[in-house]
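Chemist: based on what follows, work out the 3D shape:
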Amino acid sequence: MSTPIHSFHIPVMGLAYTIDSPLKVARFGINSVLSIVEDRLIESMRNYYYQQVNEPYVPITANEKDYRARRITDYLDLMNRTIQAQMETLKNAAFEAGSELVKYFEMLPDDSTLKAIYQKMVQSDNALEKASLQQSLRSHIQPGSIDVNIMTKVDKNNLDRNGLIRENGSDALTALQGYARSTLTNSSIIFSAGLNPRLFNYLENCPEFDAKGLGEFDKKIVIKVSDYRSALIQGKYLAKKGVWVSEFRVESGLNCGGHAFATDGYLMGPILEEFKQKKAELVDSLFGLYINALQQKGKQVFAEPHPIKLTVQGGIGTHEEDQFLHQYYGAESTGWGTPFLLVPEATTVDDDTLAKLQKAGQNDVVLSKASPLGVRFYYLKGTSSELERLRRINRGIPGSPCTEKHLVTNTEFTKEPICTASQQYQKLKLAQLQLLNLSVEEYTKQVAELQGKECLCIGLSNAISHVYNVPFLKKLHAVTICPGPNIAYFSKIVSLQEMTDHIYGRANLLSGPIRPHMFLNELTQYLNYLEEQLAEADPADAKRQTYLRNFGRNLEEGINYYRQLTPSLFSTPAAENAFLVGLDQAHERLQLVVQEPLAV
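Modeler: This is a model prediction of the structure:
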């Protein structure tokens, strides 16, 4: 089991934005994650990258059997081969200024053993020692992992030629099959958005995820969660099937990019504290179930549990925040997503959208209802996709052409599910609303929410058609992008090395308004959310009102937790005082929002 070279990773972002990130950063030892749900996008990337590596491109058409899984497998295998070739080139490069070999070692964290050997080599005046150290350094080079993400809610059924549902042929399952069949090793599949029984049950029959030895897996399971309870439930579900979860990736419920899954008012600090306090309990409870399942299946059992990593992502913006998550909570890796959208060496973002990201302020990223999934979605205003959506509304044809159909979930008007962002659904829903005799205010509100839905399958994929000039969908070029609120504090395009230096405290890329601590930023997002939910809630709905009061009390407990944590959190009195002032202001606002006295 290899030890990670870097202490951070690049999480999945959109569909196109990290679709080829491993090809850009893996040779420098950096782990990154791509989405494998959009097979048409993956086919476009196969077309592009086969040309880049001078190998013949053979299309895998939608008329072929098992085409979705085959596209995914082949793209991952192509990535794997290409990165292995990159590593050979890197190892044979010269130790000279500007070479990628030098860049590899210069980007390492300063406390890295390998970095210390590199610095010793640079400073050595002894030719024999220098050559020996260079040989040692070359032998220790290793790539970052090619990790993949499946959003478990994106699991549309697919039909065979007879119009029957294909067994084990849904979107998520075929993506899983495509990954499982790939040649990737030392790789992880990340499941996000909650427990999908059909998908998780299928894992039981995938030997590719079995352990080869204690802690040794070619392909590891990672579950993205927003709290400890979710980790326990999903971990137990899989352990009972003899499937080990190697990592729980804790993501902030609201201080993140893309789809946002608000907790019941539980903040990141208290959530991580629970993981810290109950880590051993979690491992033990999963291990017992796991061993029983292995014994029943007649598989190899282990005398002790495989390691379980805790990793964290969502709104991290400074070296100090990053270090605290590692040192205090024991996070083994931190996810830096949104800032990397401004690093063309790491992500794929078109020039027009890059310009908008650079200018984005605190009011330009909204927690919208644009996602057809009915899940809240962070959204950068003013994108070409938003402008296209508004033009369609003004022309009297709201909605989008639904070509990809990955987010078809609604059966309100049709037997077969359709997408709520589609022209078909919006036409039907609008006709229904016109017959309901709603008040002008209510009608306007519902129409605005309906027509706010946006096609994410295309919008989150289209960056590649602009950056690489490869076909995705004819005449559809609009782009949607989903940064987290953190983008307001990063405003310039930077190199991979500059961003790495920022993460490790060797540089400071923050600009614009003074940035509150990530815990305060998340608390603000939760207060905004609670305020919105209270405004929309029916006062007569006792259950909902109770839920929202409990939500407020959980925020209160989080504020109190941060007060106790503050002395451990900061190294200077000024930073500590600013944080405490922020907590006081948040507490006052919370009392105003819930309209009841809360303890300090």
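Chemist: every contact and neighbour count from this point should use C-alpha atoms.
Modeler: Noted.
Chemist: C-terminal to the helix or strand where I458 lies, what's the next element?
Modeler: Using DSSP states H and E, I458 maps to helix 456-459. Next helix or strand after helix 456-459 toward the C-terminus (DSSP H and E): helix 463-467.
Chemist: so where does the closest residue to E100 other than its chain neighbours fall, helix or strand?
Modeler: Nearest non-adjacent residue to E100, counting by C-alpha to C-alpha, 6 or more residues apart in numbering: L90, 6.5 Å away. Using DSSP H and E, L90 falls within helix 67-91.
Chemist: which strands or helices does that helix pack on?
Modeler: helix 21-25, helix 39-52, helix 100-106, helix 171-180 (3 or more C-alpha pairs under 8 Å, 6 or more residues apart in numbering; DSSP states H and E).
Chemist: so which bits of it are buried?
Modeler: Neighbour-count burial for helix 67-91, counted by 16 or more other C-alpha atoms under 10 Å, picks out 67-80, 82-84, 86-87, 90-91.
Chemist: quick one, phi psi at T263?
Modeler: phi -80, psi 180 (degrees, to the nearest 10).
Chemist: what number of residues lie near it?
Modeler: 16 (other C-alpha atoms under 10 Å).
Chemist: pLDDT of the helix holding L90, averaged?
Modeler: The pLDDT scores in helix 67-91 average 98.
Chemist: what's in contact with that helix?
Modeler: The contact list for helix 67-91 (C-alpha atoms under 8 Å, 6 or more residues apart in numbering) reads 22-23, 26-27, 36, 39, 42-43, 45-46, 50, 53, 60-62, 100-101, 138, 141-143, 146, 174-184.
Chemist: for K453, see how far away S385 is.
Modeler: Distance of S385 to K453, given as C-alpha to C-alpha, to the nearest Å: 11 Å.
Chemist: ok, now R70?
Modeler: Distance, R70 to K453, by C-alpha to C-alpha: 31 Å.
Chemist: tally up the residues packed near T183, please.
Modeler: 17.
Chemist: now do the SS call for it.
Modeler: T183 falls in the coil class when you classify it by DSSP: H, G, I helix; E, B strand; the rest coil.
Chemist: any idea how far the closest residue to it other than its chain neighbours is from Y50?
Modeler: Nearest residue to T183 in three dimensions, chain neighbours excluded: D77, at 5.8 Å (C-alpha to C-alpha, 6+ apart). Distance of D77 to Y50, given as C-alpha to C-alpha: 11 Å.
Chemist: pull the contacting residues for the residue lying closest to Y504 once chain neighbours are set aside.
Modeler: Using C-alpha to C-alpha, 6+ apart and skipping the chain neighbours, the partner closest in space to Y504 is H319 (5.7 Å). With contacts defined as C-alpha under 8 Å, 6+ apart, H319 is in contact with 502-505.
Chemist: among these, which are in helices?
Modeler: 502-503 (DSSP state H).
Chemist: I189: which element?
Modeler: Per DSSP H and E: strand 187-192 holds I189.
Chemist: just the C-alphas of stretch 204-223, formatted as PDB.
Modeler: Provided in PDB are the C-alpha atoms of stretch 204-223 (Å, rounded to 0.1, in the frame of the first residue of the first chain):
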ATOM      1  CA  GLU A 204     -21.000  -7.700  -3.300                       C
ATOM      2  CA  ASN A 205     -20.400  -9.500  -6.600                       C
ATOM      3  CA  CYS A 206     -17.400  -7.500  -7.700                       C
ATOM      4  CA  PRO A 207     -14.100  -9.400  -6.700                       C
ATOM      5  CA  GLU A 208     -12.200  -6.400  -8.000                       C
ATOM      6  CA  PHE A 209     -12.800  -4.700  -4.600                       C
ATOM      7  CA  ASP A 210     -11.700  -7.600  -2.500                       C
ATOM      8  CA  ALA A 211      -8.600  -7.200  -0.300                       C
ATOM      9  CA  LYS A 212      -5.400  -8.800  -1.600                       C
ATOM     10  CA  GLY A 213      -3.800  -8.500   1.900                       C
ATOM     11  CA  LEU A 214      -4.200  -6.400   5.000                       C
ATOM     12  CA  GLY A 215      -4.900  -2.900   3.800                       C
ATOM     13  CA  GLU A 216      -4.100  -3.900   0.200                       C
ATOM     14  CA  PHE A 217      -6.700  -3.200  -2.500                       C
ATOM     15  CA  ASP A 218      -6.300  -2.500  -6.200                       C
ATOM     16  CA  LYS A 219      -9.600  -0.700  -6.100                       C
ATOM     17  CA  LYS A 220     -10.800   0.900  -2.900                       C
ATOM     18  CA  ILE A 221     -14.200   2.100  -1.800                       C
ATOM     19  CA  VAL A 222     -14.600   5.600  -0.600                       C
ATOM     20  CA  ILE A 223     -17.900   7.000   0.700                       C
END
